[in-house]
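**Student:** any chance you could fold what I've pasted below:
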Amino acid sequence: MVDAKIRLTMFPIHLEHLRFTPNGRTVLAGINLDLSGEGISVILGPNGSGKSVLIRMLAGLEQPDGGHISWKGNSNPAGQIAIVFQYPMLLRSTVAANVALGLKPMRLTRNEINSRVGEMLERVGLAHRATDSARLLSGGERQRLTLARAWAVRPRLLLLDEPTAALDPTATEAVEQLVREIRTDGAKVVMTTHNLGQAMRISDDIVFIEAGLIREHTPSARFFSRPQSDEARLFMKGELPWRISFDD
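**Tutor:** Here you go, the predicted structure:
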């Protein structure tokens, strides 16, 4: 488990006036957001609202055209960041080798790497597949393997971009349980999803983004019972009109 004092050195994350306008098209229109080092933050919003771009910026895979991100007042994060995408990117090698890949820059001994790989595969239920080719895994198993690889580096921030969008309900449930365990193990999780039911089940707080702006950032229970922004109310009524009613 990551020590809490160490984990908090990169938090809070502060996003100020973050803009992204590739080829003159506004994707992020001035994002202002604060993220603590606790819990699971789920980013919701319609297609094209900027969710995935925001995740990629937190990972350092995209650079803003304006504004900045600070990590407890610093320009760079003081800790491990891991990211998992919707479609797993795996080596054409064994299951164990895929987990070990992320550990190579960490200057661990061979015994330490083997021990951590074994621990992670056990925790995601893939220890019995360690010597199999990753190409032989099912979609759900591939995503669990990708989570194991991310978890192995003991991230302080885990970024998930639609990690269950291509999975069936059983595989989705398994991934959600692993995400909860990773949070309990000491990582802050920031995740995008289109699945409102999943957001209800897994989130501690909701970041609602629309047209490249944060319209609402609030605890999950409040968001789903009484959203404050007109944009969030319209979004949810359009997705689940038969399941959600709002208190006046």
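
**Student:** longest helix in this protein, by residue count?
**Tutor:** Across the chain, the helix with the greatest residue count (assigned by DSSP state H) is helix 169-184.

**Student:** can you list the strands that the next helix or strand after that helix pairs with?
**Tutor:** Once helix 169-184 ends, the next helix or strand along the chain (criterion: DSSP states H and E) is strand 188-192. Partner strands and pairing direction for strand 188-192 (DSSP bridges) are strand 40-44 (parallel), strand 157-161 (parallel).

**Student:** contact partners of the first one?
**Tutor:** In other words, strand 40-44. Applying CB atoms under 8 Å, 6 or more residues apart in numbering, the external contacts of strand 40-44 come out as 35, 51, 54-55, 179-180, 183, 188-193, 196, 199, 202-209, 220, 232, 235. Bear in mind the C-beta positions are built from the backbone N, C-alpha and C, glycine included.

**Student:** next, the angle helix 169-184 makes with it.
**Tutor:** Angle between the axes of strand 40-44 and helix 169-184 is 130 degrees (criterion: axes from the mean of the first three to the mean of the last three CA atoms, to 10 degrees).

**Student:** name the residues that touch whichever helix or strand comes after strand 40-44?
**Tutor:** From strand 40-44 onward toward the C-terminus, using DSSP H and E, the following helix or strand is helix 51-58. Helix 51-58 has contacts (CB under 8 Å, 6+ apart) with 13, 18, 20, 27-28, 31, 43-45, 62-64, 69, 81, 83, 157, 159-162, 190, 192, 209.

**Student:** rerun at 7 Å
**Tutor:** Residues from elsewhere that reach helix 51-58 (CB atoms under 7 Å, 6 or more residues apart in numbering): 18, 20, 27-28, 31, 43, 45, 62, 64, 69, 159, 161, 190, 192, 209.

**Student:** could you list the domains of this structure?
**Tutor:** Following automatic domain parsing, one gets these domains for the chain: 1-80+154-248, 91-153.

**Student:** I'd like the ones you listed as CSV, with mean pLDDT and mean neighbour count appended.
**Tutor:** Conversion of those to CSV gives the following (pLDDT from 0 to 100; neighbours: other CB atoms under 10 Å):
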stretch, mean pLDDT, mean neighbour count
domain 1-80+154-248, 90, 17
domain 91-153, 96, 18
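
**Student:** so residue 209 sits in a helix?
**Tutor:** No: counting by DSSP: H, G, I helix; E, B strand; the rest coil, residue 209 is not part of a helix but strand.

**Student:** phi, psi for the closest residue in space to residue 118 that isn't next to it in sequence please.
**Tutor:** Nearest residue to residue 118 in three dimensions, chain neighbours excluded: residue 127, at 6.8 Å (CB to CB, 6 or more residues apart in numbering). When read as degrees, to the nearest 10, the backbone of residue 127 gives phi -60, psi -30.

**Student:** noted, bye for now.
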